[in-house]
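> Using only what follows, build the 3D model:
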Amino acid sequence: MAKRKEENFFSPENAKRPRQEELDDFDKDGDEDECTVSFTNGTSTLTAAEVGIIESIQLRNFMCHSMLGPFKFGSNVNFVVGNNGSGKSAVLTALIVGLGGKAVATNRGSSLKGFVKDGQNSADISITLRNRGDDAYRANVYGNSIVVQQHISMDGSRSYKLKSETGTVVSTRKEELIAILDHFNIQVDNPVSVLTQEMSKQFLQSKNEGDKYKFFMKATQLEQMKEDYSYIMETKERTKEQINQGEERLIELKRQCLEKEERFQSIAGLSTMKTNLEYLKHEMAWAVVNEIEKQLNAIRDNIKIGEDRAARLDRKMEEQQVRLNEAEKKYKDIQDKLEKISQETNARAPECMALKTDVTAKKRVYNEAEVLYNRSLNEYRALMKDDEQLCKRIEELKKSTDQSLEPERLERQKKISWLKERVKALQDQESSINQEIEQFQQAIEKDKEERIRIKGEELDVKHTLSYNQRQLKELKDSKTDRLKRFGPHVPALLEAIDDAYRRGLFTCKPVGPLGACIHLRDPELALAIESCLKGLLQAYCCHNHADERVLQALMERFYSRGTSRPQIIVSEFRNEMYDVRHRAAYHPEFPTVLTALEIDNAVVANSLIDMRSIETVLLIKSNSVARSVMQSQKPPKNCREAFTADGDQVFAGRYYSSENTRPKFLSKDVDSEISDLENEVENKKAQILNLQQHLSALEKDIKRNEEFLRRRQIHYRELKVKITESISEIRELENIEEHQSVDIATLEDEAQENKIKMKTVEKNMEQQQKNKEHLKSLKIEAENKYDAIKQKINQLSDLAEPLKDELNLADSEVDNQKRGKRHYEEKQKEHLDTLNKKKRELDMKEKELEEKMSQARQICPERIEVKKSASILDKEINRLRQKIQAEHASHGDREEIMRQYQEAKETYLDLDNKVKTLKRFIKLLEEIMTHRYKTYQQFRRCLTLRCKLYFDNLLSQRAYCGKMNFDHKNETLSISVQPGEGNKAAFNDMRALSGGERSFSTVCFILSLWSIAESPFRCLDEFDVYMDMVNRRIAMDMILKMADSQRFRQFILLTPQSMSSLPSSKLIRILRMSDPERGQTTLPFRPVGQEEEEDRS
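The predicted structure is shown next:
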C-alpha cells in the first residue's frame, strides 16, 4: 500500500507497512497517492476510501446466532450499538475469523469449532471488501467488490471461497486471501486494526511492562521488521556454511587435477603383452577341441545309459500290463458275482410282489370276517338285553294291574326328556374329548419324530466331536513335530527308515510322507490340494519292490493289522522331473496343482504326476468360476478336472462337494487351526448339551401328553358308557305302556320270538368264529411266506453291498493300472525321443569336432597340452586385449588426457571464484545490515516520539497528564496517567484510575497508535463502557474529529450506549441490534436517525 497524507492535530506522516519481498528496500519511501484536502473552519475534507474497507457482513449459525445480517457498513464512521447478547461481539469475532484470523486472537475461544452454534454442523461467514480505484486488487477479475466466504465445520476445519462482484468463485486458496489482505494492508491480528475490549483491558492492566512493549511493536509493525532482520542474519549464517562446504570441495577438485597429471607418467611395454596374447590364442584353439571331445564322451555315456533305461522301461511296461490284466480279471469276477446276485434278486421280485398282494388280500378278508363276527356279537347282546327287558316288563305289568298309571306316565315322559338332553350334552362332550385325543396323539407322534431326528443329529455331532478332538490332539502334537500331522507314528517310522538305510537295507532311501515334501505357493489353496491328493499326502515312494518289502516290514512295527497303512508307490527314482509341457493343462488365470506347489525333490513330483496327473488338474478358488470354466464352456486343453478353494471337485459334467471344511496336513498356521478347532469343539459340546436338553424337554412333553391322552381316553370311555346307559334307559321308558292297554300275552309271544332269534344269531356266530379262525391261519401263513422271501432278498442285498465296494475299488485299481500303463508308454516315448535326440547330437558333435580340429591346426599345427579351460583362457585374452587397448589409448591420445586435465582445472578455478564471490557478498551484506539496523533504530525512535506526542496532546484535551517510557534495550513500556493538572499530583499507573478515566486513557492511547499506523479500517469494542457522560462526550468528539480528518479510513465502534446524542451526518451510520428474543433466529440491524450512504464508485 502507498502512503497517505492525513491531517490530525500535528498532521504527521504515516509509515508504510513493509512486505516480505520489499525488505531490502524498507529504508526507501513509496509513492504517495494524491488525495483532495481542503480546510474549512479547521475541518479537513478527504475523499472516501476506495479499497480495503468493509462493505457488508453476514453470519449463519455463528456462535449463538442462527442468522445475523446481511447488513452494510458506511465508508467512514459506523456505530454498532445494542445490549449484551444482541450479537455485537459476534460481528467483531466474525470479522477476525472471516479474514483468516486465529480463534485465540478473538479471546472468544481456543478453537474454530467453538464458533459453530450448538446443534448445527457448520457455520458460514460472508464479508464484502471494497475494491475500487487505481489501487484495486485484480480489478479485471474481481470487479468493484471482493466477497470472502468462509465455511467452518464441526471438526474445526475451515474452507474459503473468494468471489467476484458478480458472484463468480475466483479462488478457494488461503494464499489468495493472504495476498488480498497484504495488498489492502489489512491486519486482523494487529490490535490497532481490531481491538477487543478484553485485549485493551489486558494491555492497560498488565503488570508486565514487556507485554505492553510487545503490544506497541506489533501495532506499529516494528516486530515484523525485527523478525525480517533476524531471518536475513540466519540466511547469512547458512551462506557461510555453503562457503565452508565449497572450500572442502576445492580440496577434492585439487586432488583430481593431480591424478590427471599422473596419467602422463604411466607407460607400459606392448610387445610382451602381444606375444602372450598369441600364445593364449594357440591354447584357446586346442582347449575348444578338448572340451568338444569331453562333450562327445559324455553324450556317448548318456546314450548307453539311455539304452539300458529303455530296456528297463520295456520290462516295466510288460509288468504293468500283467497287473492291468489281473485288475481287469478281478473286476470282471466281482462284476459277474454282482450280476448273479442281481439276477437272483430280480427273479425273486415277482414272487415277492405276488406274496405281498396275497397277504394284503387275506388281511382284508380276515378283517371283513372279524367285522361280521363283531356285528353278530353286538346283535346277540342287544337281543339278550331286549329279552331281559321283556321279562322284566311282563313281571311289572302283572304286579301293577291295580295301580293308577296316569301320574307314572307323566313322570316317564319328563324323565325321557331329561335323559335326551343329557345324551345330547354327553355326545357334545364326547366329540370335544375325541378332538382332544386326536390332538394329543398328533402332538405325541410329532414329538417322537422330533426325538428320533434329534437323537440322529446328536449322534452325528458326537461323531464330529470325536473326529475334531482327535484332529486337535494331532495338531497340538504337530506343534513340536510337524511330521506328527501325518500320523502319530510317522517320526518313529522315519527314524527306523534312516536306521535301516544306514545299515544298507535300502537300495535308495524311501521318500515320504509326500505331504511333508511339498510346499504351497498360495496358502488359500491348501484344502483344494488336499482334496485332490487325499491319501497320497501320507504315501511313501520306493525305488524298487525290494525296498517296498523292507518298508512294509518296518510299517508292521507301528501299524497293527486291520488298521490302514500309508500307501507305498514303487517307481524308479530319477534326478530330473518329467517334462510334462506337452500334456499339461494351461489356463492364463488359474494354476495347476503342479505349478501351485514348490517341490524340491524330483522323485516326489514324478510320483504325484504318475499317481494323480497333477499337471492336468486346475485349481480355481471360486466355485461359480470353476463351474463356468469346466461346464459352461469347453474345458481348457488337457484339463481333466478342477478343484475349488472349498475342496469341491468339478468335472466337465459332474460336481462333487467336499466333506472337509479345513485342511489337515498342509495348513501353515497351526496356532490358528488349533484355535479354530478348540472353538469348534466347544461349539460341538455346547450343541450336544443343547440337543440333550432338547431331548429331555421332548421326553417330558411326551410323558405329559401321554398322561393327558390316557386321562382323556378314560373320560371318553366313561362318556361312552353313560351315553349307552342313557339311551338304553330312554328305550326302556319308551317301551313302557299303560296297564290298561298292555297285552301280557303279546309280550310273552314277543319274548318267545326273541329267544328264537338269539339261538339263530348264536348259531351264526359259531359259524363266523370258525370262518374267522380259518382266515386268520391263512393270513398268518401268507405273512410267513412273504417274510421268508423278503428276508432272502435282504440277504442278497447285504451280500451285494460289500461286492459293490469291492467293485468300486477294483474299478479304481483298473484306472490306476491303466494310468500307470499310459504313464510308462509316455515315458518310453519321451525317453526314445530323448535318446534319438542324443544320437543326432552325437553326430553333430562329431562333425563339429572335425571342424574345430581343422581350425586348431591352422592356428597351431602341432597339438599342445592345455590345462586351462576355454572360458578361463577367453577371460585372460579379453583382459589382455583391454590392457593393450588401454596402453594404446594412453600413448596415442594425449590430447584427450590434456582436455580432461584442463576441465578439472577450470572446475576448480570456477568454484574458487564462486567461494570468493560469496565471501565478498557476506561482507557487503554485513555492511548493509549494519546500516539498515541503524535506520530501523531511527525509525523506531521516530514512531516512539510521535506516539508520545499524540498521547500527550490527546490527554491534554481533558487537562490530563500522561507519560510513556520506552526501554528498547529491555523491551519494556510503562504508561502512567494523572487526571487533573499535572503539577498537582504524581503520575500513577493506569490500574489506579477509575473505570471511566481508564477507558478515556485507553481511547487516547488507541488514537495515538491510529495516528502512527496505517490500516483501511479500525475496530474498537466498547470503548466507553466505564466512562461517565463527560469522558464519553470528550472521547466521542476526539474519535469523530479524527474520523472526519481521515475519511479515507473506515471506523467501526461497538458500544452498549444508545448514541442518540450524535450529530446527524452522512458520514455516520448507527447500526442498532435488537435485543435477543426466545426462539429468534435472525438479529436484524436497523439504522437509527441516519440516512443510508449510497455506494458509489
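> and residue 868, that's in a helix?
No: with the criterion set as DSSP: H, G, I helix; E, B strand; the rest coil, the secondary structure at residue 868 is coil rather than a helix.
> so is residue 280 in a helix, a strand, or just coil?
If you use three-state DSSP, then residue 280 falls in the helix class.
> Run the chain-centre distance for the host helix or strand of residue 938.
Residue 938 is part of helix 894-956, with elements assigned from DSSP states H and E. Taking C-alpha atoms, centre = their mean, to the nearest Å, one finds the center of helix 894-956 at 58 Å from the center of the full chain.
> Please name every helix or strand in contact with it.
Of the remaining helices and strands, those touching helix 894-956 by 3 or more C-beta pairs under 8 Å, 6 or more residues apart in numbering; DSSP states H and E are helix 209-220, helix 222-262, strand 961-967, helix 995-1012. Where C-beta positions appear, they are placed from N, C-alpha and C, glycine not excepted.
> Out of these, flag the one nearest residue 861.
Taking C-beta to C-beta as the criterion, helix 222-262 is the member of those that comes nearest to residue 861, at 45.8 Å.
> Between helix 894-956 and the closest one, find me the angle.
170 degrees (axes from the mean of the first three to the mean of the last three C-alpha atoms, to 10 degrees).
> so for helix 222-262, what's the average pLDDT?
Average pLDDT, helix 222-262: 82.
> In the stretch 601-750 of the chain, what residue spans correspond to strands?
For the stretch 601-750 of the chain, strands defined by DSSP state E, counting those that start in this stretch occupy the ranges 617-619, 641-643, 649-650, 655-656.
> Of the helices and strands packed on helix 894-956, which stretch is the most buried?
With neighbours defined by mean count of other C-beta atoms under 10 Å, none of these is more surrounded on average than helix 995-1012, at a mean of 23.
> got the angle between the helix holding residue 938 and helix 995-1012?
In this structure, helix 894-956 runs at an angle of 140 degrees to helix 995-1012, with the same axes, to 10 degrees as the basis.
> Now do helix 894-956 and strand 961-967, the angle between them.
Using the same axes, to 10 degrees, helix 894-956 lies at 160 degrees relative to strand 961-967.
> can you pull out the helices in the stretch 251-400 of the chain?
Counting by DSSP state H, counting those that start in this stretch, residue ranges of the helices within the stretch 251-400 of the chain are 271-399.
> re earlier: also compute the angle for the helix holding residue 938 relative to helix 209-220, please.
Going by the same axes, to 10 degrees, helix 894-956 makes 110 degrees with helix 209-220.
> still on that earlier bit, kindly reformat the helices and strands packed on helix 894-956 as JSON lines containing distance to residue 756.
Written out in JSON lines, the entries for the helices and strands packed on helix 894-956 read as follows (distance: least, C-beta to C-beta, whole Å):
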{"stretch": "helix 209-220", "distance to residue 756": "142"}
{"stretch": "helix 222-262", "distance to residue 756": "145"}
{"stretch": "strand 961-967", "distance to residue 756": "155"}
{"stretch": "helix 995-1012", "distance to residue 756": "141"}
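> among the ones you listed, which is nearest residue 931?
Closest to residue 931 of the helices and strands packed on helix 894-956 is helix 222-262 (C-beta to C-beta; 12.0 Å).
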